[in-house]
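**Student:** My questions are about this predicted structure, shown below with the sequence.
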Amino acid sequence: MAEGEEKHHHHLFHHKKEDEGPVDPEQELKHHKHLERLGEASTVAAGVFALHEKHKAKKDPENAHKHKIEEEVAAAVAVGAGGFAFHEHHEKKETKHHIKEGY
């Protein structure tokens, strides 16, 4: 690395920093609403996949163990996605409260 060059880190997630200036509350509300809906859709999709794998385990006794494991993983993903949707719901409520109070 040559002198004067800064090392640039690539991160998987791009989190906003606290000192990036004011954020439009309406845009933040919209953002949390979209993430809440995404969490809800993910919960449903993972739940449906878990039920599908449960059905496959009954119909395919040779590979029942594999299907049972996939069912359990999908169920865990559904729980995680539900928790994410719940978290975003509360973030949305908090943002609505901030808008109402005029923060």
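**Tutor:** Great, that's in hand. Residues are numbered from 1 along each chain as shown.

**Student:** Can you list the helices and strands that the lengthiest helix in the chain packs against?
**Tutor:** Counting residues, the longest helix found in the chain (DSSP state H) is helix 64-101. Judged by 3 or more CB pairs under 8 Å, 6 or more residues apart in numbering; DSSP states H and E, helix 64-101 is in contact with helix 25-59. Where you see a C-beta, it was placed from the backbone N, CA and C, and this is true even at glycine.

**Student:** Let's test this: mean pLDDT of the helix it packs on, rounded?
**Tutor:** In this model, helix 25-59 has a mean pLDDT of 96.

**Student:** Off-centre distance for that helix?
**Tutor:** 9 Å (CA atoms, centre = their mean, to the nearest Å).

**Student:** Could you do stretch 59-77 as well?
**Tutor:** 23 Å.

**Student:** Would you mind listing the buried residues in it?
**Tutor:** For stretch 59-77, the neighbour count (16 or more other CB atoms under 10 Å) marks 67, 70-71, 74-75, 77 as buried.

**Student:** out of those, which one sits closest to H31?
**Tutor:** The nearest member of those to H31, counting by CB to CB, is V77 at 22.7 Å.

**Student:** Setting the sequence-adjacent residues aside, check what's closest to that closest one.
**Tutor:** In space, and not counting its chain neighbours, V77 is closest to A46: 4.2 Å by CB to CB, 6 or more residues apart in numbering.

**Student:** State the distance from that neighbour to I99.
**Tutor:** 32 Å (CB to CB, to the nearest Å).

**Student:** Between the two, which is the more surrounded one?
**Tutor:** A46 (20 against 13; other CB atoms under 10 Å).

**Student:** what sits against the more buried one?
**Tutor:** The contact partners of A46, by CB atoms under 8 Å, 6 or more residues apart in numbering, come to 74-75, 77-78, 81.

**Student:** now those residues as JSON lines including pLDDT?
**Tutor:** As requested, the contacts of A46 are arranged in JSON lines below (pLDDT from 0 to 100):
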{"residue": "A74", "pLDDT": "98"}
{"residue": "A75", "pLDDT": "98"}
{"residue": "V77", "pLDDT": "98"}
{"residue": "A78", "pLDDT": "98"}
{"residue": "A81", "pLDDT": "97"}
